[in-house]
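> give the three-dimensional model of this entry:
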Amino acid sequence: MAESRTFEALTTKRDEIIRSIDAYETKLDQARADLSHINAAMVLFKHDPDQMLDYKPYSSTNKLFRHGEFSRLCREALKDAELTGAEIAVRIVEHKRMDRQDRVLLKTLSLRVAYTMNALQRGKSVRCVGWRKFNKRKPMRVWGLP
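Got it, this is the predicted structure:
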């Protein structure tokens, strides 16, 4: 009988912890959305409208991702197709359910993708499969899995 009560107590505690984790994840998603909106508002209130895209409210994206999560998401994005850094950044934003219209976030993540992909290329996890040119911008690297 004692084993039955112990097992029941453990099951109850496990279910309670699962509910807590779900609640914390919901709060974390909301906090990320709030951060995105506050940063967007900061860009709007910047005094010089010509410099709006140069403003870097996401100076540290490390807090948005767990250790090793960003490089894992980069590699997962390449499982379906060969992509540029900007396209990988868009997929990461969609995966993390962040604001896809936030151009500052996308630009910041694109720069981080470039750095991460170069590091992954040195480790032979990904490879540059070519270049893609867009309008007047300079060519962008296209990444793929080896």
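> just the strands in the chain please.
83-84, 127-132, 140-144 (DSSP state E).
> what's the most buried one of these?
Highest mean neighbour count of those: strand 83-84, a mean of 22 (counted as mean count of other C-beta atoms under 10 Å). Bear in mind the C-beta positions are built from the backbone N, C-alpha and C, glycine included.
> so which elements touch that one?
strand 140-144 (3 or more C-beta pairs under 8 Å, 6 or more residues apart in numbering; DSSP states H and E).
> how about 10 Å then?
helix 85-95, helix 103-122, strand 127-132, strand 140-144 (3 or more C-beta pairs under 10 Å, 6 or more residues apart in numbering; DSSP states H and E).
> pLDDT below threshold where in this structure?
Applying pLDDT under 70 to the chain flags residues 1-2, 43, 46-60, 134-137.
> any idea how far Gly36 is from Trp143?
Actually, residue 36 is Ser. It isn't Gly. 25 Å (C-beta to C-beta, to the nearest Å).
> try Glu8
Between Glu8 and Trp143 the computed distance is 51 Å (C-beta to C-beta).
> returning to that earlier point: can I get the strands of the chain in a markdown table with distance to Asp99?
Shown next, in a markdown table, are the strands of the chain (distance: least, C-beta to C-beta, whole Å):
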| stretch | distance to Asp99 |
| --- | --- |
| strand 83-84 | 20 |
| strand 127-132 | 25 |
| strand 140-144 | 22 |
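> the ones you listed: which one's closest to Ala114?
The closest of the strands of the chain to Ala114 is strand 140-144. By C-beta to C-beta, the value is 7.9 Å.
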